[in-house]
Every structure is written in C-alpha cells, then in structure tokens.
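Colleague: what follows is a protein structure lacking sequence information:
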C-alpha cells in the first residue's frame, strides 16, 4: 500500500476541497423543497466516483431520490466488497443555534480536534465518511493497488428511512452480489482509542396526534371546562415510563435479548469518564433505566424518547388560546430481538387504550428498522481490525452503538452477508444537531485505513 499512501499524502488538500464542495449542497431528503439539491448531490457523487476510476457509474431512479451505483472489477479470484453510504442529510434546524451557516462549511480548531474540524451539516453523517471511500478508491486505482472487486451503492434517503433502498436491493440482488458490505456511518470511542461497531439498535418512529375541540378556543371562556389537547398529550407521554425508567408498554421487553454479565464487563473496560461526558453535554445529571450504566443505557437497552412536541400558540408574546390539536414525535430504539413492526403495534395499542377523556388520539407510524449484531470471528472483522491497528497503532475495541442503520439488517436478509461498520466519527461530532462537524484527522485517517481493509480482506480470503 506504499504507493496508495503516498498518493493520499500528496492529495490531502484536494480531497478536502472536494468534500467542502459536496457539503455546500443542501441535500435534505426530508424536505421536498430541496429535491433539486438532492439530485445535484447524487450527480456530484456519481461524477466523482466515475473520475476516481469506477465503471458502470449511473443513477438508478426510485420513487424517491436516486441511488448512485458504480463498480470496479479486478479478478474472479478476489472477494467483492459492496461499499454503502448515503449522500442525504438531516434538516439543519434550529438554524439559529449554528455558529456558522450549516451549508457554508468552515474549518475550526477545537479541544477534541486540535488539527481542525469541518463544521457543516453532513460533515460527519454521512458525506464526510461516505466520501472517504471514494477518495480511498481513487488512491488505490491511481496506484494500481486495488486489492478487491468493488461495488458502490450510495443512496439519498437514509435520513428518511431508506424506504426505496430495500426495493432496489431486492430487484438488483444479482448486480449487487458481494461477499461483505463495508460502510462508515458509525463512530470510534476517541481519536486515540479506535473501535469497530459490532451492534446497532433498531428503530420504531411514530407520531401522536391529539384532537380536542373542532377549533382553537379562548382559554378564558373555555379553559377548565374543555380538555386541552396539550395537557392530554403530556399525560399520555408521562405514562410511557415508570419511576425506574422502564417503558410501561405491555409486552415491550418480551423479546429483548439480555446481554451477559461477561459481555457487560468487557464493555465496561472501554475508557469512559462520566464527568467529562456530562461536561461536554452541558448537563448536571444523568438518568435512565435502573440497573444499567450510562453506556449500557445508550447501547444495549431499548429506549423511548420524545423527539418533538408542538401545539397551540408558540409565536412571540402571548395568545390565550386553548388549542384544537397537539402533536408529538416519538422514537424507540430497539435491541435484538425486538421487531419494529411489533413494537409499533404495541405502542399504538397502548396509547389508544389510555386516551384521556375528551380527546381523540391517532398514532401515525413513520419508519423503522431492525437491530443488528455482527460477529467478531469473521475474515471481514479481522481485516477491519488489522487495518485500524495498522493506521492507529493499536488494536480497535469492538463496541455496540446506540444508533440505528436499518439497512444493515436488510443487507443480511437480501444478500446473505454481514456488514463491517468501520466508522471514523466521534459521538461528540454533533450529528443531527446544530454545529455538526468532522475532524480533519478523522477524515484523513479514514482514507488511509480503508485501503488496508481491502488488502487484508483479500489476503485472508486467499489463505
């Protein structure tokens, strides 16, 4: 990999300029007002993939946003790796909390990123991490050191549930056939503590609509007599957990896989300072399900959280109104072997069975995904571990993540292969939040590490 690494060293400034250009395009998949920008981003990715040396690069249309596909064949004797990523991003709201415009990337130094970090929406999730793979491939191709057959599948709907990706994968399973899926949409413990994600939580995402009177009412005339939908909604939400932090929905925990004490002990060996954790978040206390540590609550246990709540008057000044409707968006992170469809039904039944008198409640399911766990005794994991050990100088720690990437379970179901989640971001990079950022160290370290994965994976498959 010497020639590849030399190429990377000489092209770092160019790699950064291209990423900055990509980050300037507001590819917000959740908002139809940005549909043209999402397509522009797909075209940008396709053009750069083609310029890097990929063959058969094209945009596959879906009912939503297009999927970028490309391939590079080396030999029938080599394994095939399918590289997955996404080019869409979360909405930047609330924009007023950003220190700089979300789609005008800037580089700033921080305590965690003394070499500088790129601040922009999508910098870490997932444009920066996805683009590492294209640049790593460019370096390998230019150096004639491509060690595996490659296929690229970059979608534009991950942030809205990847609804059309499943259809695409099933309809094109032969074209996408591979030995392993490689993706970088996860994180490491710290820049000096590399890790590989070996587990993801699943997701059930729903919206609650509470209907009260047929119109907004004067709170002085009707208050105290007519049920306030916001009050009713808060009553519903407060009943979703008990005093020990456990979710109160009957049957919610029936399929939860309990992690052994031995595995929990291994997890606890990873460095974690709870005081620094709270300081970094600006909070003075933590809570959650009784009987589990902070890191366990955020990885191996299911959760239920309100992601948004609204209703009534929220403008400047006062308006004494009793609202007609109130809403809340709720996400539930799931662990093996919880089924998102089953959990959604349990949630819906529970809420609708506990409707306060005087209002009507409707639960609207959005999207979901299955949890996933990947083994650590496979060639693909060993290759990823050895690659990170090569560039970081220390063996990475296998770690379960708290987030959800629903397509990991989909890949295993459709292609019959496992995924390697070799991410390079940090949990402190504020993905989905104002001031999202991605360290230059992390961006370049990813580009340097990925070629070694292909080399070691090919070597292990030959042996």
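Modeller: Cool, the structure landed. No experiment lies behind these values; they were computed from the predicted model shown.
Colleague: remind me which helix or strand the nearest residue to residue 173 once chain neighbours are set aside belongs to.
Modeller: Of all residues not flanking residue 173 in the chain, residue 414 sits nearest, at 5.7 Å (C-beta to C-beta, 6 or more residues apart in numbering). Quick note: C-beta positions are derived from backbone N, CA and C, even for glycine. Element membership of residue 414, judged by DSSP states H and E, is helix 407-415.
Colleague: same for that helix, what does it pack against?
Modeller: strand 80-86, helix 163-171, strand 180-183, strand 360-369, strand 372-373, strand 419-421 (3 or more C-beta pairs under 8 Å, 6 or more residues apart in numbering; DSSP states H and E).
Colleague: distance between stretch 201-214 and the chain's centre?
Modeller: 22 Å (C-alpha atoms, centre = their mean, to the nearest Å).
Colleague: in it, which residues are buried?
Modeller: 201-206, 208-210, 212-213 (16 or more other C-beta atoms under 10 Å).
Colleague: one more: stretch 415-427?
Modeller: 415, 417-427.
Colleague: same thing with stretch 152-167?
Modeller: Quick answer for stretch 152-167 (16+ other C-beta under 10 Å): 152-162, 164-166.
Colleague: could you do stretch 365-374 as well?
Modeller: 367-374.
Colleague: kindly report the same for stretch 314-332.
Modeller: 321-332.
Colleague: farthest pair in the residues you listed?
Modeller: 321 and 332 (31.3 Å; C-beta to C-beta).
Colleague: tell me the pLDDT of residue 269.
Modeller: Per-residue pLDDT puts residue 269 at 83.
Colleague: quote the end-to-end distance of stretch 131-150.
Modeller: 15 Å (C-alpha to C-alpha, to the nearest Å).
Colleague: quick one: average pLDDT of it?
Modeller: Mean predicted lDDT for stretch 131-150 stands at 98.
Colleague: how far does that stretch sit from its chain's centre?
Modeller: Relative to where its chain is centred, stretch 131-150 has its mean C-alpha point 24 Å off (C-alpha atoms, centre = their mean).
Colleague: how about the strands in the stretch 351-463 of the chain?
Modeller: Listed in chain order, the strands of the stretch 351-463 of the chain (DSSP state E, counting those that start in this stretch) span 360-369, 372-373, 397-400, 419-421, 425-426, 437-439.
Colleague: direction included, what does the fifth one pair up with?
Modeller: So the one you mean is strand 425-426. Under the criterion DSSP bridges, strand 425-426 sits next to strand 187-188 (parallel) in its sheet.
Colleague: got the contact list for the strand it pairs with?
Modeller: Outside of strand 187-188, the residues within contact range by C-beta atoms under 8 Å, 6 or more residues apart in numbering are 194-195, 197, 396, 401, 423-427, 429, 442.
Colleague: before we move on, what about stretch 224-233?
Modeller: 208, 210-213, 217, 309, 311-312, 322-328, 355-359, 361.
Colleague: quick one: buried residues of it?
Modeller: So, applying 16+ other C-beta under 10 Å, buried residues of stretch 224-233: 227-233.
Colleague: measure that stretch end to end?
Modeller: Termini of stretch 224-233 sit 16 Å apart (C-alpha to C-alpha).
Colleague: got a list of what residue 376 touches?
Modeller: Going by C-beta under 8 Å, 6+ apart, the list of residues near residue 376 reads 198, 385, 398.
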